[in-house]
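Student: Return a 3D structure for these sequence lines:
(chains A and B)
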Amino acid sequence: MLRETVFYLLIVVAGTSGELCVTRAMKTIGEVTDFRPASLLRVVFRAMKVGWMWIGLGQMTLAFFALLGMLSLENVSMVIPVTAMSYAFGALGGKLFLGERVTPQRWAGVLLVCVGVTLVFIGKG
Amino acid sequence: MMPSAGLRFKTYLLISMMVVFGPLGDVLLGKGMKHVGALADWTPTGLFRFFDTAFGSTTIWLGIGSLFAFFMAYILVLSWADYSFVQPASSVAYGVVALLGYLVLRETITPTRWAGIAIICAGVFIVGQTPPRTTES
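Tutor: Residues are numbered from 1 along each chain as shown, chains lettered A, B, ... in the order given. The predicted structure is shown next:
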C-alpha cells in the first residue's frame, strides 16, 4: 500500500506541477497558428529553449516512471482515473501560477470530476 | 472575453486528439507492463533489469509513440488555451480508458466505476461551456 501511495503522490504532484511548467513555457512561445510539419518542428525547438519546459519535462518524466510502476501493480482502468485528483491541484495551479480566470462554473466542473474520480476509486472491483 | 469559433474548433480538435492518443498509449503501456510483471526487486540492479525488460517490449514502445502524439497535441493546445480548461476537458479520456480496459484487457468495470466516469464526463461538459482562454494571448 505504501508503494501505491508514493507512486500516486508522484503521479499527481510531480505530474501536475510539470504540466503547469510546460503550459508556462508554451504561453511564452505564444499561440501556434501554423500547423505545417516544418512550423510545428520550429515550435518544438523554440519550446525546448525555454527553461520552464525542461523543469516541466523533468517532473513529468518522474511522474511517468511512477505511472509505469503503478501500472505494474494495478489495472489500467483503476490507475488512470484515480490520478484525476490532479484536476483540483491543476485548477488551483492554473489560477495561482498562470493567472487564469477559474470561474465558479469551471470550479464546479472540476469538483464533479473529483467526485467522479472518488466514485471510480470506491468502485474498485 | 468571447472565444472565436476558430479558437474553439482548434481547441476541441486537439483535445480530441489527446482523448484518442492518451488512452491508447495508457492501454498499450498497461498491456506491456502486465506482460513485464510486477516490480519485485527494488535494488538498483533490479530496477535496471525491470526497465530494461520494459523498454524491450514493442507494446511499450507503441504506447510511448501514442503518448508522444498525445503530448504534441497537448503542448500545441496549451500555447493558446487555459491549462484549467484543457486539463479537465481532456478527462473524457477516462471513459475511453475504462472502455478500452474493458474491451481490450478484459478488465472488470463495476457499476459504481461507470457512474464515476459518467460524473467525470458531466464535469467535463460544464468546463467545456467556459471560454477556453481567459488570459491575454
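Student: what's stretch A:48-65 in contact with?
Tutor: Residues external to stretch A:48-65 that are found in contact with it (Cβ atoms under 8 Å, 6 or more residues apart in numbering or on different chains): A:10-11, A:14-15, A:17-26, A:28-29, A:47. The C-beta positions use only the backbone N, C-alpha and C, and glycine is treated the same way.
Student: which of those residues count as buried?
Tutor: Among the contacts of stretch A:48-65, those scoring as buried are A:10-11, A:14-15, A:17-26, A:29, A:47 (criterion: 16 or more other Cβ atoms under 10 Å in any protein chain shown).
Student: which residues in chain B form helices?
Tutor: B:5-36, B:44-54, B:58-77, B:83-89, B:93-103, B:111-128 (DSSP state H).
Student: now, which of the buried ones among the contacts of stretch A:48-65 sits nearest residue B:48?
Tutor: Distance to residue B:48 across the buried ones among the contacts of stretch A:48-65 (Cβ to Cβ) is lowest for residue A:10, with 19.2 Å.
Student: isn't the closest one right next to residue A:66, touching?
Tutor: Yes. In terms of Cβ atoms under 8 Å, residue A:10 counts as a neighbour of residue A:66; the distance is 3.7 Å.
Student: The spatially most central residue of chain B: what's it in contact with?
Tutor: Nearest to the geometric centre of chain B sits residue B:22, at 3.3 Å (Cα atoms, centre = their mean). Each residue near residue B:22 by Cβ under 8 Å, 6+ apart is listed here: B:66, B:67, B:70, B:90, B:93.
Student: Among those, which one is most surrounded by other residues?
Tutor: residue B:93 (25 neighbours; other Cβ atoms under 10 Å in any protein chain shown).
Student: quick one: contacts for it?
Tutor: A:80, B:18, B:19, B:22, B:23 are the contacts of residue B:93 under Cβ under 8 Å, 6+ apart.
Student: Now the two most distant members of those.
Tutor: Going by Cβ to Cβ, the pair spanning the contacts of residue B:93 furthest: A:80 and B:18, at 13.3 Å.
Student: Sketch out the low-pLDDT regions of the chain for me.
Tutor: As the question left the chain open, I've gone with chain A. A:76-78, A:80-82, A:84, A:121, A:124-125 (pLDDT under 70).
Student: That was the other one, I meant chain B.
Tutor: B:1-3, B:137.
Student: at 80 instead, please
Tutor: B:1-5, B:26, B:36-42, B:54, B:91-92, B:94-101, B:104-105, B:136-137 (pLDDT under 80).
Student: circling back: also within reach of chain B: list those from the contacts of stretch A:48-65.
Tutor: By Cβ under 8 Å from any Cβ of the partner chain, the members of the contacts of stretch A:48-65 lying near chain B are A:19, A:20, A:22, A:23, A:26, A:29, A:47.
Student: Now do the same contact list for residue B:27.
Tutor: Contacts of residue B:27 (Cβ under 8 Å, 6+ apart): A:76, B:63, B:97, B:100, B:101, B:104, B:105.
Student: The second one contacts residue B:25, correct?
Tutor: Yes. Counting by Cβ under 8 Å, a contact exists between residue B:63 and residue B:25, whose distance comes to 4.7 Å.
Student: So for the two, which sits in the more crowded spot?
Tutor: When residue B:63 and residue B:25 are compared for neighbours, residue B:63 comes out ahead with 23 against 20, by other Cβ under 10 Å.
Student: What count of nearby residues applies to the nearest residue to that one once chain neighbours are set aside?
Tutor: With Cβ to Cβ, 6 or more residues apart in numbering or on different chains as the criterion, residue B:63 has its nearest non-adjacent residue at 3.3 Å, and that residue is residue B:28. Each residue near residue B:28 was counted by other Cβ under 10 Å, and the total is 24.
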